[in-house]
Structure formats: C-alpha cells, structure tokens
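Q: Structural data only, the sequence is not supplied:
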C-alpha cells in the first residue's frame, strides 16, 4: 500500500513538471513571436534610420499622399524586416500649420485603423513661414522645434494585424489621400483621443520652454488692447478666440466669419483675459477682402470690451503660429473660426471648445452631420458663418449684422 501511494505521488509530480514545461514553452514561443513594445520600438527606430540613410529625401507637399499606395506595393519591403509598417515622409510647411498637421494626423489614424505600425521618415520642417510680424529670434525657433520633435515619429501598434488583414483594412479605411479633415469617413474621425494625446504632449513641450516671467507681446502697429501700459499680459488667456479674417472671407462656402453675437453666451462672464488671435495684415494679402480685416477686428474689439467691461481684451494679429496653438489648446475656453489651424488644438483642449458647423471638418454641413467629439467640444450651429460678402453694399453693412443690429439678409 505504501509503495502504491509513493507511485501515485511520483506521477503527480511528473504531471506538474510536465505542465510547467508546457507553460514555459508557450511563454517562450509567444515572446519570440510577440516581442515587447520596447523591443518593437527599437526595431522600428532602426528601420527608420536605414530608410533615412539609404533613400533620398522626398515629400508629398500639397499633392495626394502616396503612403497607402507605397505600403500596398511593397516599396519599403526590403527595410521592414517582415513587419507591417506605414512609412510617411514627415514634411511640414509651417505657414500652413493646420493643413500640414492634418496630413500627419491622417496618416497616423490610417496606420492605427489598419493595424499597422507607423514610422515618419525624412523629417523636413520649414519654420520660416510660421512667424508673421517683426518680433522673432532664435529662441522662438527652438521652441517650435521642441513642439515638432515631441510629435511621435514612431508608433508601435498595440494590436498589429497580419499582412492579409492589414491589406483589407487599409483598403477599406484609408480612402482619402488629401485634405482628409473634411471627410466624414476618414479614419481620424474615430481616433481623436489618440490625436489629442499626441498633440497635447507636443504643445506641452513648447509650453514648458516658456519662462514664468514671459508675457504676451503686443505690437503697437497691428495689435489692439484695452490694457493699461505696463500691465502684465499672461501667455495663455482665459479665453482664446481665433478670428481668421483675410482669406476666410469669400474664399469658399466652407469658410467665413462668425457674427460677434456668437460670443457673449460662450465666453464665461468672469473671464479676465480674452485674446482674439487673428492673421497678420501681410497674410493672404492677395485676397481682395484682406484690407477690410482691420475694420472688422476693430469692431470686434469694441464689441467685446462693451460686453465684457471687466476683461482685458487683446486683438493680436500674427506672431508665432505655434504659440497661438498653445493658447488655443490650454486656455479655459477656445472659440474657433472655420479653420483646420484652430480645429486641432481645440480638439486637444481639456477645457471647453466651440467650433462652427462647417463641411470643412468631417463634412459637418449641419449639426445632424457633425460628429460627436466629446462633451467638451461644442458645435456652433447658430449664428451661421457669413461666407458671402456680396449681399452687403457697401461692404461695411456687414458690421451691423456681425454686431447683431440687423439680421442676416
């Protein structure tokens, strides 16, 4: 009987050992076929370096992106080490910062939707056009680079698909190849949480370069404020109101200017600092309506100071485009014109954001068509943007509509 009991115990130990071996083997096999995220990142970093070193710099610019096409045709196969990766040449012309960031986010969203890892190669950034006005220095360029370098150039997909699955996904998900922020079916529309995360990290990198003693610079030749001389003006206001004028007037039905009556109900009554961020007089100087912006902005300034007499109001024209994105992303309240430049930081804002209904973003022609971007992102349905100035003769008649003295014709 005792020998039988010993034999049974021996068999039980053998079973346990066998199970442990099976578990250990399975773990080793899984680890080999599913490398850690850190190991994958390092591999992708090495692939990025290989492409940068061996392939001439290229850029899609304003043309249709070929990123999807090059993935499908296997252009980068010799570099990818059997990984499924979307490779994107990260060119960025900063005088069209909203559009170029939109291109970048479109590619990231495509990779995420298709189960692909993402690599940005040949980073080529033109900083020249990102500042308008007379005040600039080398430090400002370093701040911009802090932002750009903080945008991810390698993204490891947490649940990568195999080649066949990824091929089907990229075919169905990534149909748009240019100006995709206007497409309701574009993959970025359902991946705004990732975009917000990436953009906030980059904007924080810029913001972290700002000294506590720095303040908003007011140019006496183009800016307007009711602040007394010597008043400290913080970099980030309570309310950042982007009022794109110039080429927003009569450019396209997607664009236009908001009546000022949109603002009193959306600006908190206790706001101490309200900054109107507008384009410099030299931007879009070719537009026949650009010369009218100073009159429109002066009227907006008077309207805001009348409705918010306790607030310091600054109308700021031009300056550093990156800094204005920081203001739009970190203010308590952000109000946008119809503009991709303002849309991305509004999306990244943890406070309250307001954006006019416009097919410019995700085909949102009406409130019914507008996507839900979360409880803090609000679409402005009424009043509608004014995009056709031909109804106003003389043109200054539009001021009475903007201020609410007369209805939209």
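A: Good, I have the coordinates. Please read these numbers as outputs of a predicted model, since none were measured by experiment.

Q: which residues in this protein form helices?
A: 2-33, 37-54, 67-73, 97-114, 138-150, 163-173, 192-207, 293-307, 321-330, 340-348, 398-402 (DSSP state H).

Q: Ok, which of those helices comes nearest residue 313?
A: helix 293-307 (4.9 Å; CB to CB). Where you see a C-beta, it was placed from the backbone N, CA and C, and this is true even at glycine.

Q: How many residues are close by residue 399?
A: A count of neighbours around residue 399, defined by other CB atoms under 10 Å, yields 19.

Q: again, but for residue 40
A: 17.

Q: now the end-to-end length of stretch 73-91.
A: From its first residue to its last, stretch 73-91 covers 22 Å (CA to CA, to the nearest Å).

Q: about what we covered before: let's have the helices of the chain in TSV, adding distance to residue 226 and mean pLDDT.
A: Converted to TSV, the helices of the chain look like this (distance: least, CB to CB, whole Å; pLDDT from 0 to 100):
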stretch	distance to residue 226	mean pLDDT
helix 2-33	64	50
helix 37-54	50	97
helix 67-73	48	96
helix 97-114	29	95
helix 138-150	26	88
helix 163-173	50	97
helix 192-207	26	97
helix 293-307	5	96
helix 321-330	18	96
helix 340-348	24	97
helix 398-402	19	95
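
Q: Quick check: which of these is nearest to residue 390?
A: Closest to residue 390 of those, according to CB to CB: helix 398-402, at 10.5 Å.

Q: chain center to that closest one, what's the gap?
A: A distance of 31 Å separates the centroid of the chain from that of helix 398-402, by CA atoms, centre = their mean, to the nearest Å.

Q: if we can go back for a sec, quick one: closest of the helices of the chain to residue 408.
A: That would be helix 398-402 among these, by CB to CB, at 5.6 Å.

Q: still on that earlier bit, which one, of the helices of the chain, ends up nearest to residue 371?
A: helix 192-207 (8.4 Å).

Q: could you give the angle of that closest one to helix 138-150?
A: For helix 192-207 against helix 138-150, the angle by axes from the mean of the first three to the mean of the last three CA atoms, to 10 degrees is 150 degrees.

Q: And helix 192-207, what's buried?
A: 192, 194-196, 198-200, 202-207 (16 or more other CB atoms under 10 Å).

Q: Ok, stretch 166-185 next?
A: 166, 169-170, 173-174, 176-177, 179-183.

Q: got the end-to-end distance for it?
A: 18 Å.

Q: if we look at that stretch, which residues are touching it?
A: With CB atoms under 8 Å, 6 or more residues apart in numbering as the test, stretch 166-185 has contacts from 62-66, 68, 71-72, 84, 86, 99, 102-103, 106, 110, 113-116, 160-161, 186-189, 254, 340, 343, 359-364, 369, 371.

Q: for it, the distance to its chain's centre please.
A: For stretch 166-185 - counting by CA atoms, centre = their mean - the centre lies 18 Å from the chain centre.

Q: Please read off the pLDDT at residue 392 from the model.
A: What the model reports for residue 392 is a pLDDT of 88.

Q: For it, give me its contacts.
A: Residue 392 neighbours (CB under 8 Å, 6+ apart): 398, 401, 409.

Q: one more time with 6 Å, if that's ok
A: Residues in contact with residue 392, defined by CB atoms under 6 Å, 6 or more residues apart in numbering, are residue 398.

Q: mind checking how far the residue nearest to residue 191 when sequence neighbours are not counted is from residue 67?
A: Nearest residue to residue 191 in three dimensions, chain neighbours excluded: residue 109, at 4.6 Å (CB to CB, 6 or more residues apart in numbering). Here residue 109 is placed at a distance of 12 Å from residue 67 (CB to CB, to the nearest Å).
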